[in-house]
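Novice: Following is a predicted model, sequence given first.
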Protein chains: 4
Amino acid sequence: VNVERRPIVAVIGNNRASERVIAIAEELGTLIVEHGWRLVTGGLSGVMEAASRGAHGSRRYREGDVIGILPGGEASAANRWVDIAVPTSMGYARNVLVVSMSDAVVAVGGGAGTLTEMAMAWQLGKLVVGVEVEGWSGRLAGQAIDDNRPDRVLAARDAAHAVERLSLVLASAPA
Amino acid sequence: VNVERRPIVAVIGNNRASERVIAIAEELGTLIVEHGWRLVTGGLSGVMEAASRGAHGSRRYREGDVIGILPGGEASAANRWVDIAVPTSMGYARNVLVVSMSDAVVAVGGGAGTLTEMAMAWQLGKLVVGVEVEGWSGRLAGQAIDDNRPDRVLAARDAAHAVERLSLVLASAPA
Amino acid sequence: VNVERRPIVAVIGNNRASERVIAIAEELGTLIVEHGWRLVTGGLSGVMEAASRGAHGSRRYREGDVIGILPGGEASAANRWVDIAVPTSMGYARNVLVVSMSDAVVAVGGGAGTLTEMAMAWQLGKLVVGVEVEGWSGRLAGQAIDDNRPDRVLAARDAAHAVERLSLVLASAPA
Amino acid sequence: VNVERRPIVAVIGNNRASERVIAIAEELGTLIVEHGWRLVTGGLSGVMEAASRGAHGSRRYREGDVIGILPGGEASAANRWVDIAVPTSMGYARNVLVVSMSDAVVAVGGGAGTLTEMAMAWQLGKLVVGVEVEGWSGRLAGQAIDDNRPDRVLAARDAAHAVERLSLVLASAPA
């Protein structure tokens, strides 16, 4: 019986992104599964799809490791790498869910939607990591979003660094 | 790559239930996983816990098959058989999610909360099965909830019958 | 300063309804405003529009008395009698809001959507009145939805009777 | 009949705030009602309460002009200046509602919650004004949140300037 559930890590970012950001997101997906964690994204394209595809690239990947929380009502809108599609019909309110179901959130790039999720994750007391690239993940990396928490958005140089920072907090499953 | 996602079946019912209802819920959990489907519940006790426990009893059970969508903000509120806990902080609005992420909904017994979910599942065009026991699953079994759909809530004598009815519609994975 | 807020009454029912049901809904809207209460509906057509139009027919009507909670993201979807349009972009989850913001709920006719709202209102401990006409308002009038509450869905013969039952519980403003 | 609904303006900011921020929020509430617009806030204390109190200070104030969208399930949590309390039981997801029901959003100060709302308002295509004080309203004033919109968060020196900027876009009712 699983008294200890596997940690869930969200990777958040834009529907469209630069090659560099896409490559980081994909590596994040792989490394997250590599550590025995589950991945959740917003289930669509860009960063969300890259991370989900990356998860499948880990030798430790098992069906069920990749969750996609969709804004619309149809599971078919999920990218093909999503194992568990969650159509919410809740529009942007689905962003609250992505964050509230995660133990930690890693942002890569990102516009207003990603900023919304970083701010909510901060508010909900989640671990927040920002990869130092263009967009809101880079702008907030190393900063406090407000003074209700004593810590900061953890700055990460790249995917490996982001996951290293997560692994100081989240329990990794033995390989 | 999974172009075909595994179907998701919700088992809904009360937080507290009779021994008979609990036994049916547990068997439902086992049979759902037996068919290669994923199980989702509201993640708490009673029918939700029994179905989740039952899922673990199938020889085909794999970690990740049991999802619990919680009303509160803490994953720790989930019963111990839930693999993927989804704290929503959305209160009763979480019932919408249980239904909207499912391909089919099986009700066993149930009060106002279960009735809410059966009615929403009907509205969202999901397959709805009602086990013929006390409570709303029995009261609505074999009936149309309104005339916006040509079909009825499928009546099931027991867990095996409920799953048999589901299997006419949902693709089962080969064992 | 308003230490006492005006009660809010929801009128729920179908997007399309019989002439009889429409007439009852319209009279309900008038009488609700007549008692100094505010009206909330799902903001669309049928019963929702009739009740909203009825509200405008009361000599005590003031702009702001009619609220419409919409499933979509555009205020323009509200019927013309809605003073305060609340686009939610939350789809069916908006039904939770209609109920949770109300002190009492009056159902007139209704299919699966109305049934969802009656069941949620019961769960949330709201006063629930069912007008004795075709549809779920009539089917549940005078019945307990489950045994978590000691009372019943109050049965009302018509609009005047429904409002009379409400007025035993909700404070009416002096004319 | 109201074919034209009165615009709704959200004032967002912290539960606790400096005297300067509170004074601006209060003046915002007054001026918003002065222009014939309705006010919506998150319904609690700090900036939300100050703006609501300010609304009552306008000679044009009418009961029903001040709406509070609450995170919890009890209307009694609203500050005393809220005319229409909307308990949502949806926790932080209620922030989506505050924004989606508004035609424009004015931020005064603010931490992570306000940042969430500014980012969502941007995403939903709403007019966003940031008052140039400490906190996120000042940090984002005059900036684009992402490049999906051609405009910027409008910078406002004070309450009068914020409302002046709104009045270029929103129709004011004749006094």
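Specialist: Perfect, thanks for sending it. If you're wondering where the values come from, they're calculated on a predicted model, not measured in any experiment.
Novice: Report the buried residues of stretch A:36-52.
Specialist: Within stretch A:36-52, the residues that count as buried by 16 or more other CB atoms under 10 Å in any protein chain shown are A:36-44, A:46-52. Using the backbone N, CA and C atoms, a C-beta is placed for each residue, glycine as well.
Novice: If we check chain D, which of those are in contact?
Specialist: With CB under 8 Å from any CB of the partner chain as the criterion, no member of the buried residues of stretch A:36-52 is in contact with chain D.
Novice: By mean pLDDT, point me to the weakest helix or strand of chain A.
Specialist: Lowest by mean pLDDT, DSSP states H and E among the helices and strands of chain A is helix A:94-100, with a mean of 93.
Novice: Please work out which residues outside that helix touch it.
Specialist: Helix A:94-100 is contacted by residues A:10, A:12, A:40-42, A:69-71, A:86, A:88, A:90, A:105, A:113, A:116-117, A:120-121, A:124, A:126, B:73, B:86-90, B:97, D:91-93, D:96 when judged by CB atoms under 8 Å, 6 or more residues apart in numbering or on different chains.
Novice: Tell me which entries of the residues you listed lie within strands.
Specialist: A:10, A:12, A:40-41, A:69-70, A:86, A:105, B:86-87 (DSSP state E).
Novice: From those residues, pick the one nearest D:D147.
Specialist: A:I12 (17.8 Å; CB to CB).
Novice: A:A17 should be in a helix, yeah?
Specialist: No: according to DSSP: H, G, I helix; E, B strand; the rest coil, A:A17 belongs to no helix; its state is coil.
Novice: Please list all residues in contact with it.
Specialist: By CB under 8 Å, 6+ apart, the neighbours of A:A17 are A:25, A:46-47, A:50, A:108-109.
Novice: which two from these end up farthest apart in space?
Specialist: A:A50 and A:G109 (10.8 Å).
Novice: returning to that earlier point: centre of the chain versus the least confident helix or strand of chain A, how much separation?
Specialist: Remark: helix A:94-100 is offset 11 Å from the chain centroid, using CA atoms, centre = their mean, to the nearest Å.
Novice: Among the buried residues of stretch A:36-52, which lie within helices?
Specialist: The helices, defined by DSSP state H, take in A:47-52 from those.
Novice: which one of the residues you listed sits closest to B:D65?
Specialist: Using CB to CB, these come closest to B:D65 at A:S52, 19.2 Å.
Novice: Might one say that the closest one is in contact with A:N79?
Specialist: Yes: counting by CB atoms under 8 Å, A:S52 touches A:N79, with 5.8 Å between them.
Novice: Which neighbours do these two have in common?
Specialist: With CB under 8 Å, 6+ apart as the test, A:S52 and A:N79 both reach A:43, A:68.
Novice: Tell me if I'm right that A:D83 and A:Y61 touch.
Specialist: No: contact between A:D83 and A:Y61 fails when scored by CB under 8 Å: they sit 9.4 Å apart.
Novice: Which one's more surrounded, these two?
Specialist: A:D83 (23 against 19; other CB atoms under 10 Å in any protein chain shown).
Novice: residues touching that one, list them.
Specialist: A:63-67, B:2, B:5-6.
Novice: now A:R6
Specialist: A:R6 neighbours (CB under 8 Å, 6+ apart): A:36-38, A:173, B:63, B:83.
Novice: okay, who's weakest in these by pLDDT?
Specialist: Within the set of those, pLDDT is lowest for A:A173 (70).
Novice: ok, and the closest non-adjacent residue to it?
Specialist: If the residues on either side of it in the chain are set aside, A:A173 comes closest to A:G36, at 2.7 Å by CB to CB, 6 or more residues apart in numbering or on different chains.
Novice: ok, so what distance separates A:G109 from B:G68?
Specialist: 32 Å (CB to CB, to the nearest Å).
Novice: Weed out the non-buried ones from the contacts of A:D83.
Specialist: A:64-67, B:5-6.
Novice: I'd like those residues as TSV, with pLDDT and secondary structure appended.
Specialist: Listed next are the buried ones among the contacts of A:D83 as TSV, based on pLDDT from 0 to 100; DSSP: H, G, I helix; E, B strand; the rest coil:
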residue	pLDDT	secondary structure
A:G64	96	coil
A:D65	98	coil
A:V66	98	strand
A:I67	98	strand
B:R5	93	coil
B:R6	95	coil
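Novice: Residue numbers of chain A in contact with chain D?
Specialist: Checking chain A against chain D by CB under 8 Å from any CB, the hits are A:91-93, A:96, A:100, A:111-113, A:115-116, A:119-120, A:122-124, A:135-136, A:145-148.
Novice: Tell me, how many residues neighbour the nearest residue to A:K126 once chain neighbours are set aside?
Specialist: Nearest-residue entry for A:K126: A:V105, 5.6 Å, with adjacent residues in sequence omitted and distances by CB to CB, 6+ apart. Per other CB under 10 Å, the neighbour tally for A:V105 reads 27.
Novice: in chain A, what residue is nearest chain B?
Specialist: A:G64 (3.0 Å; CB to the nearest CB).
Novice: show me what contacts the residue lying closest to that residue once chain neighbours are set aside?
Specialist: Nearest non-adjacent residue to A:G64, counting by CB to CB, 6+ apart: B:G64, 3.0 Å away. Contacts for B:G64 (CB under 8 Å, 6+ apart) come out as A:38, A:62-65, A:84, B:38, B:83-84.
Novice: Close to chain B: what parts of chain A are there?
Specialist: Near chain B, when you scan chain A using CB under 8 Å from any CB, you find A:1-3, A:5-6, A:8, A:38, A:56, A:62-65, A:67, A:73, A:75, A:78, A:80-90, A:96-97, A:100-101, A:124.
Novice: And those, which of them are buried?
Specialist: Buried among the residues of chain A next to chain B by 16+ other CB under 10 Å: A:5-6, A:8, A:38, A:56, A:64-65, A:67, A:75, A:78, A:81-90, A:96-97, A:100-101, A:124.
Novice: Need phi/psi at the nearest residue to A:R157 once chain neighbours are set aside.
Specialist: Nearest non-adjacent residue to A:R157, counting by CB to CB, 6+ apart: A:E132, 5.9 Å away. Dihedral pair for A:E132: phi -80, psi 70, per degrees, to the nearest 10.
Novice: tally of neighbours for A:E132?
Specialist: 17.
Novice: and what of A:G68?
Specialist: 26.
Novice: Nearest spatial neighbour of it, chain-adjacent residues omitted?
Specialist: That would be A:G43: by CB to CB, 6+ apart, it lies 2.5 Å from A:G68.
Novice: if I look at the one you found, how far off is chain D?
Specialist: 17 Å (CB to the nearest CB, to the nearest Å).
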